[in-house]
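K.L.:
whatever this is, show me its structure:
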Amino acid sequence: MAALTKDKVIIYIYIAGALVGVFFIYKVMAKLGLVKTSEDKKEDKNVTALQTCDYFDPTIINGRSFTILGETKAKSYAGEIYKALHGSLFFGLGTDEEAIYSIFGRFNNKYQIAEVAGWYQIEFNVSLLTDLLNELSDSEKSKLYSIIDKLS
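P.N.:
Coordinates of the predicted model:
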């Protein structure tokens with residue numbers, strides 16, 4: 001084995017210093033976001049997984065896909081229900097229960113009811129559920145519930 005000379009020791013110290021300097025520079029660049037660490041890459045992977053998962057997709061509930069109505073149709077149904085519950089301004093008073101049953105019978109799933117309820121709240125500043133509970137008799141509520149209960 002060759003003996004360490006003063007010159008070799010100095011070279012090794014420069015190399016060690018350079019490696020420490022590179023490591024320090026890497027850490028500083030990582031802090032500034034200029035390079036990605038393995039932790040950053042793991043975080044990116046998790047963010048991508050979260051962005052592409054279906055947990056936050058309003059058309060998927062409990063892993064099941066649902067057909068949505070869309071804004072136009074949901075607003076239309078909300079208006080029809082409001083009119084059926086409160087009567088037309090010019091054509092009388094009272095609740096048109098058959099119209100309500102008919103509208104709820106058109107829904108394919110419970111999510112569509114949630115869509116309509118959301119637009120009902122926005123359009124009329126009152127909860128759809130509150131209006132239904134206030135306007136329908138117990139037997140009418142029971143009939144409506146049987147229609148809703150059949151939906152997925």
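
K.L.:
find the least confident helix or strand in this protein, judged by mean pLDDT.
P.N.:
Lowest on mean pLDDT, DSSP states H and E among the helices and strands of the chain sits strand 60-61, with a mean of 54.

K.L.:
can you pull the contacts of the closest residue to residue 96 other than its chain neighbours?
P.N.:
Leaving aside its sequence neighbours, residue 96 sits nearest to residue 84 (Cβ to Cβ, 6 or more residues apart in numbering; 4.2 Å). Bear in mind the C-beta positions are built from the backbone N, C-alpha and C, glycine included. Residues in contact with residue 84 (Cβ atoms under 8 Å, 6 or more residues apart in numbering) are 95-97, 99-100, 103.

K.L.:
give me the low-pLDDT residue ranges for this structure?
P.N.:
1-2, 42-66, 88-93 (pLDDT under 70).

K.L.:
domains of it?
P.N.:
Annotated domains of the chain cover 6-53, 61-149 [automatic domain parsing].

K.L.:
need the winner for burial among these.
P.N.:
For the domains of the chain, average neighbour numbers computed from mean count of other Cβ atoms under 10 Å are highest in domain 61-149, which has a mean of 15.

K.L.:
can you give me the helices in this structure?
P.N.:
Taking DSSP state H, the helices of the chain run over residues 6-31, 38-52, 71-86, 97-105, 110-124, 128-135, 138-149.

K.L.:
tell me how far residue 33 lies from residue 41.
P.N.:
When distance is defined by Cβ to Cβ, to the nearest Å, residue 33 is 13 Å away from residue 41.

K.L.:
before we move on, what about residue 149?
P.N.:
48 Å.

K.L.:
same deal with residue 104?
P.N.:
50 Å.

K.L.:
list the contacts for residue 107?
P.N.:
113, 116, 151 are the contacts of residue 107 under Cβ under 8 Å, 6+ apart.
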